[in-house]
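Participant: A predicted structure for the sequence below; I have some questions about it.
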Amino acid sequence: MEIRSTTDQDLDVFLDTLHAAFGRFRDTPGEGDAVWWAALEMDRNLLAVTADGRPVGTAATYSFELTLPGGIPVPAAGMTNVGVLPSHRRQGVLTAMMRHQFAALRARGEVLSVLLASEALIYGRFGYGPATYTSRLTVPRHHATLALPRTRGTADATETGSVELLRRAECGEILEEVYDRYRRAQPGALSRPRRWWALGAGQSPISPAPRYIAVHRDADGVPDGYACYSIGESETLTVDETVATTDAASTALARFVLGHDLITQVVFKHFPPDHPLRWQLADFSASQVSNDIDWLWVRLLDVPRALSARGWFTDGELVLDVDDPFLGEHDRYLLTVRDGKGDCVPTDREPGLSLDVRDLGSVYLGGTAPSTLVRAGHIRAHHPGAATLADALFRAERSPHCLHWF
């Protein structure tokens, strides 16, 4: 079997193999319709080919930036479109493609990879760990009143700007610009490359699918947030995503969609773990959180560089004994944090924590507390206080959250 990179001429073969792996057929797009595969970077894709030339597996990566704690963007390889024909599963095809891809990413100098896991049991063994989480919030329309306490001397957040209703086709540049400002400040957020917007290669609001867009503008008229929504069956208003660069914009957009007439409920599809909306509702218990799931998974390919790249909010020292079974690597590192910057170097000092690289990926963005994984039996703490110190070190300025689908 050969694992090889693809070219533009391989697009049809790549797509046919991928669809066959999942037992599906390619949709025929209508004139002007966007397709998700328009954003594929063919020089970053792989085909697994048998000795007689038959393609049996696919894998791909996108070129993203991931925002780390501290608002630091770093390159991140978005692993996707991984599939093996049913006739060739459990024969080492997927393992060979993952080894080949990791070697290629390291050769490019990329320190981490991310993905959205279709099956958790598959990607944990390759060193990926769940690092951001999302849920669905449903608010009945008759319980949608906001009751915001005023702090003496301050105005209601909605008095500082305005909301304008537009159609998706009217505001592409606004969406792109607001999202980019948002993602640069939000830990766990991925960039949306310009070509994605230009090609409509993604889910709403990237795709040109009909949607209403509520755009919030600040007191100076500058767009600083938007909510992308549609109204479907049972008069349910579904918000694909809300993006806001300020709390005032977020509150104003929530008030706008919750106050929509002739609907029965509002569903927020991507609800961050620490979003304040439930606390802003007059009836806290009226809303329902469901579909609480993992979203972005992280895989560190260069532990010292990855740990040195992110921002930190507590000073301290911690020795990490990191096992990477898939790549056959086992190393010990001293993490030293001073004044918000981390330095990570090999050491022979006694470890504070022993952990698998997948668990290091889970705690890397601050969305999973190391002490939780100690209690779960994933991480071993070698002395009292090690888990508490790790919790303080790895925390982020806010819970990481990722909206982007790929």
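Facilitator: Arrived safely.

Participant: Residue 25 sits in which helix or strand?
Facilitator: Assigned by DSSP states H and E, residue 25 belongs to neither a helix nor a strand.

Participant: Distance of it relative to residue 16?
Facilitator: Remark: distance between residue 25 and residue 16 (C-beta to C-beta, to the nearest Å) = 9 Å. To be clear about C-beta, it is placed using only N, CA and C from the backbone, and glycine gets the same treatment.

Participant: neighbour-wise, which of these two wins?
Facilitator: Taking other C-beta atoms under 10 Å, residue 25 and residue 16 do not tie; residue 16 has more neighbours (14 against 9).

Participant: Next one: residue 90 relative to residue 51, how far apart?
Facilitator: From residue 90 to residue 51 the distance is 19 Å (C-beta to C-beta).

Participant: Next: residue 126.
Facilitator: 25 Å.

Participant: next one: residue 404
Facilitator: For residue 404 relative to residue 51 (C-beta to C-beta), the value is 38 Å.

Participant: Next, the most far-flung residue of the chain relative to its centre: secondary structure please.
Facilitator: In the chain, residue 52 marks the outermost C-alpha relative to the chain mean, sitting 38.6 Å out by C-alpha atoms, centre = their mean. Three-state call for residue 52 (DSSP: H, G, I helix; E, B strand; the rest coil): coil.

Participant: out of residue 126 and residue 51, which sits in the more crowded spot?
Facilitator: Looking at residue 126 and residue 51 with other C-beta under 10 Å, you find the greater number of neighbours at residue 126, namely 23 against 7.

Participant: my guess is the more buried one meets residue 98, correct?
Facilitator: Yes: using C-beta atoms under 8 Å, residue 126 is in contact with residue 98, at 5.1 Å.

Participant: Now for those two: what residues contact both?
Facilitator: residue 326 (C-beta atoms under 8 Å, 6 or more residues apart in numbering).

Participant: Now do the helix or strand where residue 216 lies: everything it contacts.
Facilitator: Per DSSP H and E: residue 216 is located in strand 212-217. Here strand 212-217 makes contact (C-beta under 8 Å, 6+ apart) with 161-168, 170-171, 174-175, 178, 205, 223-230, 244, 249, 252-253, 256-257.

Participant: Averaged pLDDT, the helix or strand just after it. What do you get?
Facilitator: Proceeding C-terminally, strand 212-217 gives way to strand 223-231 as the next helix or strand, assigned by DSSP H and E. Averaging pLDDT along strand 223-231 gives 98.

Participant: which secondary structure elements does the helix or strand that strand 223-231 is followed by contact?
Facilitator: As assigned by DSSP H and E, the chain's next helix or strand after strand 223-231 is strand 236-244. In terms of contacts (3 or more C-beta pairs under 8 Å, 6 or more residues apart in numbering; DSSP states H and E), strand 236-244 is packed against helix 172-185, strand 223-231, helix 247-258, strand 265-271.

Participant: which parts of strand 236-244 are buried?
Facilitator: 237, 238, 239, 240, 241, 242, 243, 244 (16 or more other C-beta atoms under 10 Å).

Participant: was I right about the second one contacting residue 228?
Facilitator: No: using C-beta under 8 Å as the test, residue 238 is too far from residue 228 to be in contact (9.5 Å).

Participant: per-domain residue ranges of the chain.
Facilitator: 2-110, 135-292, 303-394 (automatic domain parsing).

Participant: What ranges does the stretch 1-150 of the chain have for its strands?
Facilitator: For the stretch 1-150 of the chain, the strands defined by DSSP state E, counting those that start in this stretch occupy 2-5, 46-49, 55-68, 72-84, 112-116, 129-130, 133-140.

Participant: Partner strands of the fifth one, with direction?
Facilitator: Strand pairing for strand 112-116, determined by DSSP bridges: strand 72-84 (parallel), strand 296-300 (antiparallel).

Participant: Tell me how far that strand lies from the chain's centre.
Facilitator: From the chain centre to the centre of strand 112-116 is a distance of 8 Å (C-alpha atoms, centre = their mean, to the nearest Å).

Participant: For the lowest-mean-pLDDT helix or strand in the chain, buried residues please.
Facilitator: Taking mean pLDDT, DSSP states H and E as the measure, the helix or strand of the chain with the lowest value is helix 120-123, at a mean of 91. Across helix 120-123, burial judged by 16+ other C-beta under 10 Å covers residue 123.

Participant: Please enumerate residues in contact with that helix?
Facilitator: 94, 115, 117, 130, 294, 297.

Participant: coming back round to it: reformat the strands of the stretch 1-150 of the chain as JSON lines; add mean pLDDT, mean neighbour count and distance to residue 368.
Facilitator: Formatted as JSON lines, these follow (pLDDT from 0 to 100; neighbours: other C-beta atoms under 10 Å; distance: least, C-beta to C-beta, whole Å):
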{"stretch": "strand 2-5", "mean pLDDT": "97", "mean neighbour count": "14", "distance to residue 368": "32"}
{"stretch": "strand 46-49", "mean pLDDT": "98", "mean neighbour count": "22", "distance to residue 368": "30"}
{"stretch": "strand 55-68", "mean pLDDT": "98", "mean neighbour count": "23", "distance to residue 368": "15"}
{"stretch": "strand 72-84", "mean pLDDT": "98", "mean neighbour count": "20", "distance to residue 368": "18"}
{"stretch": "strand 112-116", "mean pLDDT": "98", "mean neighbour count": "22", "distance to residue 368": "15"}
{"stretch": "strand 129-130", "mean pLDDT": "98", "mean neighbour count": "23", "distance to residue 368": "7"}
{"stretch": "strand 133-140", "mean pLDDT": "98", "mean neighbour count": "19", "distance to residue 368": "9"}
